[in-house]
Structures are given as C-alpha cells and as structure tokens.
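Asker: can you look at this prediction? I've put the sequence above it.
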Amino acid sequence: MTKQRVDLNLLQIFYAVMTEQSVTRAARRLGITQPAVSNALHRLRQLFDDELFNKVRDGVHPTEKALAMWPQIEQAMDIIQSVTLPQTFDPHTTKMSFNVAVTESLASRVVPAVISRVSNEAPGAKLSFHLHSDPTSRLDLQRGGLDCAVGMFPNPNPELLFEPLHSDDYVTVVRRDYEHSESLTELEGFLSARHVLVRQASSWTGIVDTWLAVIGRRRRVVYVVNHAEQALTVVLADNFVTCLPRRFVQMDPRRDRLLILDLPFAAEKIIYKLAYHERSARDPAHGWMRRVLADAVNLTDPDNKIFT
C-alpha cells in the first residue's frame, strides 16, 4: 500500500463489495451506480497494489490480500456505523429498504401479517422477503444481504444473535388411505417407507435425518423437493411419506386428506428463532423491523409462543 490517505468512502465501498460478493449488488446496496463502484475499486487497487477482487461466475471473489485486510476493516466499519447510527427511528417517515427471510413453514401466515403492519406503520418503506434455509440465511446475514431471518438455525454462527420465538414438533405425514399406515409407528416400518425430503439448500441435511444419524439409522429417501407444499402434493398422489412441522400440516387446506403420526423415535422440539447480525443490534430501524417480525410470528400462533 502507498502512503496516501485512504478515503473513508472507499472503505465503505470495499465493505459493501466484500459483504455482497458482487459489484452490482454492492452498488444497489449503497444507492450508487455500478461504474462508481468500479471506479472506486480501481482506486483501491492502486492504493493497496493488489487486485482485491477477481471476477467469478456469480460476482467477485476476494484475493488473499483482501481476505487478510477484511477482519480489521469489518470491525472498524461496524464500529463507525454503530457510532453514527441515528438514536431514534420514525417508521412513518422512513424510506428504508429491509430484507427479511422467513422459513416456508411459517411464511404463509407470517408474511401477510408483516406486510399489513408495515403498510400501516411505515408506508414509505420497502420490504423484500426471501425463503429461509439455514446455510443461506447465515451467510446472507453475515454479508449484510439480510437484515433478519426466522428459521430453525441448528448450526448458528458466533457473529449472529438469536431470539427464540416459536416451538413445534416434526411429524410423519401420509395420505389418509396410505397402505399399512400402522407400520409407520414402528421404527423399522418408518425407515423402510418411501420418503420425500424437503430441502431448500443442497448443503443442508434434513433435521429428521440428523436425528436418525444420532442413533445410527437412515431412512429411505426417494424424492427431494424444495418446498413443503410440494412434499404434501407428492404424498397425496401415492404411497409416500414425508416429515414436516405439525402446525404447518394442520394449517394446510388439504388437511382432511392427510394423516398425521408421531415420529417413531425420540425427537426434540424444534425452535424457530429470530436471527440477526450483531452489527445491527443497536440500530433502532432494524430493531423495529425485528419486533414487527417477532410479533407476526407470535401473534399468528399464540399457543406456541416462547416467553423468554
């Protein structure tokens, strides 16, 4: 690096590109043009005498030097942002954009409740919903692509903060005329049945399969789908089995055609958590958004609310 002073605005752009891993997304996040970000990166490359980012198929990837610089720059920028945050937030006048992820098993009732409240309290705000999966949401929260997320988060990161919101349990689900449904109440019958696994991310292992691995067993998965509703459609079409959160199945409009059975082995309660990065913990705007989301989860199913 040369002995020139580094413009703080350049470090903000470096921060945005590192978190977004994309020049286009960084420009959108900063509210500036893509050429402006590219020009800033050119200046940064001259200052640090390094490429800093290399183009890849879906964005950019940091160089070894950028990765070495990142921990200190991230910490410094987080401190600066926390110091300069406004101390109050008025949702009625804000024009902020929020990015929120909600797990599919809660989305059908939570998303409308959130939209209704935001429309009333913050009519100028923009709100983007994303489908939660544990690895994707954790990464996007770290990078700043998400402001908060609701899901199970079985493998949390130390940089993320969590609030427990809602409990449920997994159940076995088949159609009502499933042949030999009584066999599914025994472990061997359950394992040998034809299962449909719901998996939103290729790197994610189903929670039921994680529980089975603890006792050294595996079920027979014959289909993998991306959405719980798809799994129920497959189950209703033939003699297939799927495992889903009880409340999601109970609220499905096809509930009368489904048979819900307890899992034939010991399993934990699942806990839905509200997750956010520690950098936004003191931001009043993001605090308001988290409360809106938490209230929507708890108010749409008050019987399963967790009090902390």
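Answerer: Perfect, I can see it now. Numbers count the residues shown, from 1 in each chain.
Asker: so Phe98 versus Leu106, what's the distance?
Answerer: 17 Å (C-beta to C-beta, to the nearest Å). C-betas here are computed from N, CA, C, even on glycine.
Asker: in the stretch 201-308 of the chain, which spans are strands?
Answerer: 220-225, 241-245, 258-262, 270-277 (DSSP state E, counting those that start in this stretch).
Asker: most tightly packed of the ones you listed?
Answerer: Sort the strands of the stretch 201-308 of the chain by mean neighbour count, taking mean count of other C-beta atoms under 10 Å, and strand 241-245 sits at the top with a mean of 25.
Asker: within the sheet, what are the partner strands of that one, with directions?
Answerer: The strands that strand 241-245 pairs with in its sheet are strand 170-175 (antiparallel), strand 194-198 (parallel) (by DSSP bridges).
Asker: can you show me the CA trace of that strand as CSV?
Answerer: Provided in CSV are the C-alpha atoms of strand 241-245 (Å, rounded to 0.1, in the frame of the first residue of the first chain):
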residue,chain,number,x,y,z
VAL,A,241,-44.1,-40.4,3.4
THR,A,242,-42.8,-37.0,4.4
CYS,A,243,-41.9,-35.4,7.7
LEU,A,244,-42.9,-31.8,8.4
PRO,A,245,-43.7,-29.4,11.3
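Asker: could you list the residues in contact with it?
Answerer: By C-beta atoms under 8 Å, 6 or more residues apart in numbering, the surrounding residues in contact with strand 241-245 are 105, 168-174, 178, 184, 190, 193-198, 206, 208, 228, 231-232, 234-235, 263, 270.
Asker: around Ala237, how many other residues sit close by?
Answerer: Using other C-beta atoms under 10 Å, Ala237 has 9 neighbouring residues.
Asker: so what's it up against?
Answerer: With C-beta under 8 Å, 6+ apart, Ala237 has no contacts at all.
Asker: one more time with 10 Å
Answerer: For Ala237, the contacting residues are Arg175, by C-beta atoms under 10 Å, 6 or more residues apart in numbering.
Asker: check Val225 too.
Answerer: Neighbours of Val225 in contact, by C-beta under 10 Å, 6+ apart: Val196, Leu197, Val198, Arg199, Gln200, Ala231, Leu232, Thr233, Val234, Thr242.
Asker: next up, the contacts around the second one.
Answerer: Neighbour list for Leu197: 205-206, 208-209, 219, 221-225, 231, 242-243 [criterion: C-beta under 10 Å, 6+ apart].
Asker: show me what the mean pLDDT comes to for stretch 54-63.
Answerer: Averaged across stretch 54-63, pLDDT comes to 88.
Asker: check which residues of it are buried.
Answerer: Neighbour counts over stretch 54-63 (16 or more other C-beta atoms under 10 Å) mark Val60, Pro62, Thr63 as buried.
Asker: which outside residues touch it?
Answerer: 14, 17-18, 20-26, 41, 45, 48, 50-53, 66-70.
Asker: just the buried ones from the residues you listed?
Answerer: 14, 17-18, 20-23, 25-26, 41, 48, 50, 52-53, 66, 69.
Asker: residue contacts, Gly206?
Answerer: Counting by C-beta under 10 Å, 6+ apart, Gly206 makes contact with Tyr170, His195, Leu197, Val198, Arg199, Leu212, Arg219, Val221, Val224, Cys243.
Asker: so what's the third one scoring on pLDDT?
Answerer: This means Leu197. 94.
Asker: you'd agree Met18 is up against Trp70?
Answerer: Yes - counting by C-beta atoms under 10 Å, Trp70 is a contact partner of Met18 at 5.8 Å.
Asker: circling back: sitting in strands, which of the buried residues of stretch 54-63 do you find?
Answerer: Per DSSP state E, strands hold the following members of those: Val60, Pro62.
Asker: including distance to Gly151, could the buried residues of stretch 54-63 go into CSV?
Answerer: Formatted as CSV, the buried residues of stretch 54-63 follow (distance: C-beta to C-beta, whole Å):
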residue, distance to Gly151
Val60, 28
Pro62, 27
Thr63, 32
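Asker: from the buried residues of stretch 54-63, which is closest to Leu259?
Answerer: Val60 (50.1 Å; C-beta to C-beta).
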